[in-house]
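Asks: sequence plus predicted model, see below.
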Amino acid sequence: MRSSRRGQVDAFIVMDVVEAARAAEASGRHIIHMEVGQPGTGAPAGASAAVSAALRHPLGYTVSLGLPALRAGIAGLYRRWYGVELEPARVIVTSGSSGAFLLAFTALFDGGDRVGLGEPGYPSYRQILKALDLVPVGIPSRDENRLQPVPAQLDGLDLQGLIVASPGNPTGTMLDHAALGALMQAAEARDMAFVSDEIYHGLHYGARAVSALEIGKEAYVINSFSKYFSMTGWRVGWMVVPEDHIRTVERLAQNLFICAPHVAQVAALAALDCVDELEANRATYAENRRLMLEGLPKAGFTRIAPPDGAFYIYADVGELTSDSLAFAAELLREAGVAVTPGLDFDPVRGARTLRFSYAAATADIVEGLRRLCAYMGQRA
């Protein structure tokens, strides 16, 4: 049977690593998971309790833009976190942030449009763009810019859009108000749509992250309940769009998804109020981060990006390997630690980098670092 060229996207390598780790566990091995960006904690207790109560009643379709109470609750979050007064009408609840990216890219771009994204960066940006017959254009970020793109790198590029993530995946680096504002201004001057990926907001270890909504209204802002709210499996996210784009996105959502899962929206609404539990989770990640920054150099991973947020360490391992895919497989096989090859995030330079996640339980982080130190000591 014939197949679409648009369907020939690259694999999400981290998910291949997850499968390899699962197979190792099925054979009886104990694997430490530093590969996937999934919180080791579950959904907040209040979210689970709300779902238990909701299941006593029928759950059906919601309106396509999401439960009105949830949209209002998310608007309240922007007031609480950033001091931004946001109309709930601009909030669109989605099936995870992945659903938000699909809606955003479809609403903003026509086939063949070119969209810039910093590298290293989240790999699914590229693949979703390709599947929509759009052209991802990698912008190679530099150490001196904290592995984030800067306005000067847009010069000479024919782009219709720009995606920026702060905190970034895989680096955890953040853009301050001035840097984010400069990128937004540069995109506007070049008539580029601006998409701000803010799904790691709330997970910071010093100054908080800045939202594009603090700077202007002419951006698509995407977030999720997966990371800070510890609800990956619930598949519920959201985005904020300019007022004149609401109906366009609503029509797309009606036809592509109907709505985000009702039960997940109930859980998300309750999660917004579970502040103490969520902040306790963040304290756990802060301790894990401290352990990683102390332990990875002892294992020989000394060249790392400065992680301001999220729960990742991105390491340059060029002195150890020129094949991060094979090196990650070696660490899984020999040390029992699953990590992600940098090729997932940077197809040009990623053969010399690895991403380590510290989202797991602290005991697992301690054990993973012990294993890495022991194996790398033998390997040397």
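Replies: Now that the structure is in, tell me what you want to look at. Residues are numbered from 1 along each chain as shown.
Asks: how about residue 190, what does it touch?
Replies: 154, 159 (C-beta atoms under 8 Å, 6 or more residues apart in numbering). All C-beta spots, glycine's among them, are computed from the backbone N, C-alpha and C.
Asks: quick one, helices of the stretch 251-380 of the chain?
Replies: Along the stretch 251-380 of the chain, counting by DSSP state H, counting those that start in this stretch, helices occupy 262-271, 275-298, 324-330, 362-379.
Asks: give the rounded mean pLDDT of the third one.
Replies: Right, the one you point to is helix 324-330. For helix 324-330, mean pLDDT rounds to 96.
Asks: tell me what it is packed against?
Replies: helix 13-26, strand 340-341, strand 353-357 (3 or more C-beta pairs under 8 Å, 6 or more residues apart in numbering; DSSP states H and E).
Asks: neighbouring strands for the second one, and are they parallel or not?
Replies: Strand 340-341 has these partner strands in its sheet, going by DSSP bridges: strand 353-357 (antiparallel).
Asks: mean confidence for the strand it pairs with?
Replies: Rounded mean pLDDT across strand 353-357 is 97.
Asks: helix 362-379 and that strand, what's the angle between them?
Replies: Orientation check (axes from the mean of the first three to the mean of the last three C-alpha atoms, to 10 degrees): strand 353-357 against helix 362-379 gives 150 degrees.
Asks: tilt between strand 353-357 and helix 275-298?
Replies: Counting by the same axes, to 10 degrees, strand 353-357 lies at 140 degrees to helix 275-298.
Asks: centre of the chain to strand 353-357, how far?
Replies: 14 Å (C-alpha atoms, centre = their mean, to the nearest Å).
Asks: other residues contacting it?
Replies: 33-38, 120, 170, 292, 296, 301, 311-318, 324, 327-328, 339-342, 344-346.
Asks: in PyMOL, how would I select just the buried ones from these?
Replies: Selection of the buried residues among those in PyMOL, burial being defined by 16 or more other C-beta atoms under 10 Å:
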select buried, resi 33+34+35+36+37+38+120+170+292+296+301+311+312+313+314+315+316+317+324+327+328+339+340+341+342+344+345+346
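Asks: kindly check the end-to-end length of stretch 316-324 for me.
Replies: End-to-end distance of stretch 316-324 (C-alpha to C-alpha, to the nearest Å): 10 Å.
Asks: show me how the protein divides into domains.
Replies: Split into domains by automatic domain parsing, the chain comes to 5-42+276-379, 45-273.
Asks: now for the host helix or strand of residue 130, which elements pack on it?
Replies: Element membership for residue 130, per DSSP states H and E: helix 123-131. Secondary-structure packing of helix 123-131 (3+ C-beta pairs under 8 Å, 6+ apart): helix 96-108, strand 114-119, strand 135-140.
Asks: between the first one and helix 123-131, how big is the angle?
Replies: The directions of helix 96-108 and helix 123-131 differ by 40 degrees, with the same axes, to 10 degrees as the criterion.
Asks: who wins for proximity to residue 264 among the helices and strands packed on helix 123-131?
Replies: Counting by C-beta to C-beta, residue 264 lies closest to helix 96-108 out of the helices and strands packed on helix 123-131; the figure is 8.9 Å.
Asks: can you list the buried residues in the closest one?
Replies: In helix 96-108, counting by 16+ other C-beta under 10 Å, buried: 96-108.
Asks: return the member of those nearest to residue 12.
Replies: Nearest to residue 12 among these is residue 98, at 10.7 Å by C-beta to C-beta.
Asks: what about the residue lying closest to the closest one once chain neighbours are set aside, neighbour count?
Replies: In this structure, residue 98 finds its nearest non-sequential neighbour in residue 124, 6.8 Å apart by C-beta to C-beta, 6 or more residues apart in numbering. Other residues near residue 124 come to 17 when the count uses other C-beta atoms under 10 Å.
Asks: sketch out the low-pLDDT regions of this protein for me.
Replies: For the chain, the stretches with pLDDT under 70 are 380.
Asks: could the helices and strands packed on helix 123-131 go into TSV alongside distance to residue 196?
Replies: Below are the helices and strands packed on helix 123-131 laid out as TSV (distance: least, C-beta to C-beta, whole Å):
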stretch	distance to residue 196
helix 96-108	10
strand 114-119	12
strand 135-140	15
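Asks: hey, C-alpha coordinates of stretch 334-347 in PDB?
Replies: C-alpha atoms of stretch 334-347 as PDB (Å, rounded to 0.1, in the frame of the first residue of the first chain):
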ATOM      1  CA  GLU A 334      27.100  -2.400  31.500                       C
ATOM      2  CA  ALA A 335      26.000  -0.100  34.300                       C
ATOM      3  CA  GLY A 336      22.300  -0.600  34.300                       C
ATOM      4  CA  VAL A 337      21.600   3.100  33.900                       C
ATOM      5  CA  ALA A 338      19.300   4.300  31.100                       C
ATOM      6  CA  VAL A 339      20.300   7.800  29.700                       C
ATOM      7  CA  THR A 340      19.300   9.600  26.500                       C
ATOM      8  CA  PRO A 341      21.700  10.100  23.500                       C
ATOM      9  CA  GLY A 342      22.100  13.700  22.500                       C
ATOM     10  CA  LEU A 343      21.100  12.800  18.900                       C
ATOM     11  CA  ASP A 344      17.500  13.100  20.000                       C
ATOM     12  CA  PHE A 345      18.000  16.800  20.600                       C
ATOM     13  CA  ASP A 346      20.600  17.900  18.200                       C
ATOM     14  CA  PRO A 347      21.000  15.900  14.900                       C
END
